[in-house]
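> My questions are about this predicted structure, shown below with the sequence.
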Amino acid sequence: MIRRLNVYDAAQERLKLIFENFDYVYVSFSGGKDSGVLLNLCVDYIRRNLPGRKLGVMHMDYEAQYRQTTDYVSNRLADDSDILEIYHCCVPFKVATCTSMFQSYWRPWEDAEKDIWVREMPENCYRAVDFGFFNDDLWDYDFHRLFAQWLRHRKKCDRICCLVGIRTQESFNRWRTIHSDKNYKHFGSLKWTHRMDSHVYNAYPIYDWKTSDIWTANGRFHWTYNHLYDLYYQAGIPIGRQRVASPFISQALATLSMYKVIDPDTWGRMVSRVNGVNFAGIYGNTLAMGWKSIRCPAGFSWKRYMEFLLATMPRESRENYMDKLNVSIRFWRERGGCLGEETIRKLLDRNIPISVGMQSAYRTDKRPVRMEYLDDIDIPEFREIPTYKRMCICILKNDHSCKYMGFALTKREKELRDSVMKKYKSL
């Protein structure tokens, strides 16, 4: 009879494979519950099985965060400093913000804004000057990727692995990270690993854990955790919305106002740090920023309402949205989006003009559908259909990258990323 492993034992087997096959291993540690449990798992594994081995820890410090997170990170890393090699990074990379129609990003630890930093820069941290690959066009997610190669060269190792604490329960995008075969190569047959670059891999050892497993492990093994979660719980914030990441991204706006209650001193500094923070804190969970069912003003179509919203915006922001809209219109006209048979039937039942292809170039069973933008459509698959209402929601959310509409990087953004990668490889 085959014994099924529980998630803890399965994580132990995965860590064994990682430490046996990689010269250097480090944990991406944000200070959240998932990366905290992953760090604790690794520390315990090394102390039991690999005495003398070091574990790297990379912490990307976003400057604006709860004091509870700052205290937890510093205390947790100090507790096992004998086996941890710490890379505390305070770098002014670009970070997306959805608090403002004027700013699509902000920069933590920007020298020009030193007088209004939310807090003092930690001692012994790594700064932009420490990374030869850094430039002003670098986003935080690009930094994460380039850091791995930088560390590999610094440690003079052949193969390096970054352990990331993501769980598929959290979101569909995280589920796809593990289960989609698109664009990823794995280490051997391990689908919970991805090759990110030559000799560089990411691994997700706790991808199948549930939220209950995280808190069960903390209780059973008496692991320390970020007590910000206790305050969240007492404030009545649902588990799925308890975040410790950058407070200005779209997923965090609905709870941004909690800073005023939980950490008022930090909130006072944040208000002057990033444009639109106070407005987002007040209205981030209301109709004003598109978080609930918005309504088209009387006498307007959604297209006309979108044009009105764009007319109120600064030129650079307006052109950004128009560029993305034009790309999307061309895509749906010329290539078509992939839709399921049920969705196609609903469009046909409503007499919406569409052209359905037989097979998509993408790896999917869905079929490509070419169509014009609609004003609105009332079907459960609303987010799959190109409508001007969706663009209005993006604008109201200050979603400059239009993630709500399913956008990936634009050609210009890809060119900027490629130039960063090219510069690093030439060093």
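All right, it came through fine. Residues are numbered from 1 along each chain as shown.

> hey, let's count contacts and neighbours off CA atoms from now on
Noted.

> what about the helices in the stretch 301-427 of the chain?
Assigned by DSSP state H, counting those that start in this stretch, the helices in the stretch 301-427 of the chain fall at 302-311, 315-334, 341-349, 388-396, 411-426.

> Show me which positions of the fourth one end up buried.
By 16 or more other CA atoms under 10 Å, the buried positions in helix 388-396 come out as 388, 389, 390, 391, 392, 393, 394, 395, 396.

> any idea how far it is from the chain center?
Mean-position distance between helix 388-396 and its chain equals 21 Å (CA atoms, centre = their mean, to the nearest Å).

> what angle separates that helix from helix 315-334?
Helix 388-396 and helix 315-334 are oriented at 150 degrees to each other (axes from the mean of the first three to the mean of the last three CA atoms, to 10 degrees).

> now helix 388-396 and helix 302-311, what's the angle there?
Per the same axes, to 10 degrees, the angle that helix 388-396 makes with helix 302-311 is 20 degrees.

> average model confidence for helix 388-396?
Averaging pLDDT along helix 388-396 gives 84.

> Who are the packing partners of it?
Applying 3 or more CA pairs under 8 Å, 6 or more residues apart in numbering; DSSP states H and E, one finds that helix 388-396 contacts helix 302-311.

> what residues does the helix it packs on touch?
Here helix 302-311 makes contact (CA atoms under 8 Å, 6 or more residues apart in numbering) with 296, 297, 318, 375, 376, 388, 389, 391, 392, 395.

> switch to 7 Å and redo it
Helix 302-311 has contacts (CA atoms under 7 Å, 6 or more residues apart in numbering) with 296, 318, 375, 388, 389, 392.

> Quick check: the gap between residue 167 and residue 397.
Separation of residue 167 from residue 397 (CA to CA, to the nearest Å) stands at 26 Å.

> Compare neighbour counts for those two and give me the winner.
residue 397 (24 against 20; other CA atoms under 10 Å).

> per-residue pLDDT, residue 425?
At residue 425, the model reports a pLDDT of 55.

> again, but for residue 194
With respect to pLDDT, residue 194 scores 90.

> Okay, and it sits in which element?
According to DSSP states H and E, residue 194 maps onto strand 193-197.

> List the buried residues for that strand?
Quick answer for strand 193-197 (16+ other CA under 10 Å): 193, 194, 195, 196.

> Could you do stretch 58-73 as well?
By neighbour count on 16+ other CA under 10 Å, the buried set for stretch 58-73 is 58-66, 68-70, 72-73.

> Now do the strands in the stretch 101-250 of the chain.
Along the stretch 101-250 of the chain, counting by DSSP state E, counting those that start in this stretch, strands occupy 105-106, 160-164, 193-197, 200-203.

> The last one pairs with which strands?
So the one you mean is strand 200-203. strand 160-164 (parallel), strand 193-197 (antiparallel) (DSSP bridges).

> Could you tell me how far stretch 50-62 lies from the centre of the chain?
The answer for stretch 50-62 is 21 Å, by CA atoms, centre = their mean.

> Which residues does it contact?
For stretch 50-62, the surrounding residues in contact (CA under 7 Å, 6+ apart) are 25-30, 46, 83-90, 108, 246.
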